[in-house]
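Novice: My questions concern the predicted model and sequence given below.
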Amino acid sequence: MARRMPLEAGHSLATWIFVHLPLSMAVAAAGAGMVGLVEHAADERTPVAVSWLMGGSVAVMLVTTVVLLPTLADYDRRLSLRTSVQTVLTTAAAGALVVGWARPAPWLLALILLLLLFVTWVFAFVRWLSEGFLINERPAG
């Protein structure tokens with residue numbers, strides 16, 4: 001979404017602006033949750049609050065990305081990507097909640113959440129490459 005401008009229509013622009021608040025809050029919450037993971041690094045299971053904070057914040061990051069994508073000005077050109085990328089992001093968000101509920105060891109929780117984020121990024125990147133969008137585009141300006 002970097003360097004991609006939102007549609008200037010009222011609804012899309014307002015959504016783009018307001019959805020960045022929960023996205024920013026989720027990033028900050030995940031950073032705060034890392035303190036709990038480090039503090040309980042030797043525990044067999046992640047404490048309930050820390051586990052839900054980490055799983056929930058990653059889920060919110062992924063869901064807000066799903067909501068933000070259609071607000072981008074050039075998103076209609078990527079109709080073939082819309083369903084697949086948004087489905088993977090939503091599935092990964094559900095996976096993050098399941099991992100938060102399961103409360104594995106802190107190191108394993110962090111690793112699984114990292115892998116979920118990595119897999120979604122790789123999937124989207126490969127889809128964009130396969131459609132030729134990243135190679136032929138130049139930022140306006």
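Specialist: Right, received. Where do you want to start? Given the structure is predicted, the values throughout are model-derived calculations rather than measurements.
Novice: where's the residue at minimal distance from the centre of the chain, which helix or strand?
Specialist: The centroid of the chain falls nearest to residue 62 when counting by C-alpha atoms, centre = their mean (2.8 Å). Residue 62 is located in helix 48-68, with elements delineated by DSSP states H and E.
Novice: in that helix, what counts as buried?
Specialist: 50-68 (16 or more other C-beta atoms under 10 Å). Where you see a C-beta, it was placed from the backbone N, CA and C, and this is true even at glycine.
Novice: State the mean pLDDT of it.
Specialist: For helix 48-68, the mean pLDDT works out to 95.
Novice: for stretch 72-91, same thing?
Specialist: 79.
Novice: Return the distance of it from the chain's centre.
Specialist: Here stretch 72-91 is found 13 Å from its chain centre; the criterion is C-alpha atoms, centre = their mean, to the nearest Å.
Novice: for stretch 82-101, same thing?
Specialist: 9 Å.
Novice: Give the buried residues for it.
Specialist: 85-86, 88-90, 92-93, 95-96, 99-100.
Novice: List of residues touching that stretch?
Specialist: Outside stretch 82-101, the residues within contact range by C-beta atoms under 8 Å, 6 or more residues apart in numbering are 51-56, 58-60, 62-63, 65-66, 69-70, 75, 109, 112-113, 116-117, 119-120, 123-124, 127.
Novice: again, only this time at 7 Å
Specialist: Outside stretch 82-101, the residues within contact range by C-beta atoms under 7 Å, 6 or more residues apart in numbering are 51-52, 54-56, 58-59, 62-63, 65-66, 69, 109, 112-113, 116, 119-120, 123-124, 127.
Novice: Using PDB, write out every CA atom in it.
Specialist: Only the C-alpha atoms of stretch 82-101 are listed here, as PDB (Å, rounded to 0.1, in the frame of the first residue of the first chain):
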ATOM      1  CA  ARG A  82      -8.800  -8.600  -4.800                       C
ATOM      2  CA  THR A  83     -10.400 -11.900  -3.700                       C
ATOM      3  CA  SER A  84      -7.300 -14.000  -3.300                       C
ATOM      4  CA  VAL A  85      -5.200 -11.500  -1.300                       C
ATOM      5  CA  GLN A  86      -8.100 -10.400   0.900                       C
ATOM      6  CA  THR A  87      -9.000 -14.100   1.600                       C
ATOM      7  CA  VAL A  88      -5.500 -14.900   2.600                       C
ATOM      8  CA  LEU A  89      -5.300 -11.800   4.900                       C
ATOM      9  CA  THR A  90      -8.600 -12.700   6.500                       C
ATOM     10  CA  THR A  91      -7.600 -16.400   7.000                       C
ATOM     11  CA  ALA A  92      -4.300 -15.300   8.500                       C
ATOM     12  CA  ALA A  93      -6.200 -13.000  10.900                       C
ATOM     13  CA  ALA A  94      -8.300 -15.900  12.000                       C
ATOM     14  CA  GLY A  95      -5.200 -17.900  12.400                       C
ATOM     15  CA  ALA A  96      -3.600 -15.200  14.600                       C
ATOM     16  CA  LEU A  97      -6.700 -15.400  16.900                       C
ATOM     17  CA  VAL A  98      -6.500 -19.200  17.100                       C
ATOM     18  CA  VAL A  99      -2.800 -18.900  18.000                       C
ATOM     19  CA  GLY A 100      -3.600 -16.300  20.700                       C
ATOM     20  CA  TRP A 101      -6.300 -18.600  22.100                       C
END
